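Asker: Give the three-dimensional model of this entry:
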Amino acid sequence: MLSTTTVELKRNTAKMLEELKKKYGAKSMDETVRRLISKAENIPESMFGAHPELKPFVRQEEPRHEL
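Answerer: Presented below is the predicted three-dimensional model:
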């Protein structure tokens, strides 16, 4: 599980962020902020990790084969 934090914003700023969330079709405020950071810094989306709908990778033990 990823840790989270709380960020204090003025109500007007939170409303603007909510509008951007709708505009971007983002599923969360985190996704909205990441998009804003990406645009501001010209950081490609690929730098933020895998597609948010994908399940986390879980390594499975490979069967051992004897020769």
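Asker: hey, which helix or strand in the protein has the poorest pLDDT?
Answerer: When the helices and strands of the chain are scored by mean pLDDT, DSSP states H and E, helix 29-41 comes last with a mean of 89.
Asker: Report the buried residues of it.
Answerer: The neighbour-count criterion (16 or more other CB atoms under 10 Å) identifies 32, 34-35 as the buried residues of helix 29-41. (Glycine included, C-beta is placed from N, CA and C.)
Asker: so residue 16, which of the three states?
Answerer: The three-state label for residue 16, taken from DSSP: H, G, I helix; E, B strand; the rest coil, comes out as helix.
Asker: how many neighbours does it have?
Answerer: A count of nearby residues for residue 16, using other CB atoms under 10 Å, gives 12.
Asker: So which elements touch the least confident helix or strand of the chain?
Answerer: Judged by 3 or more CB pairs under 8 Å, 6 or more residues apart in numbering; DSSP states H and E, the packing partners of helix 29-41 are helix 11-24.
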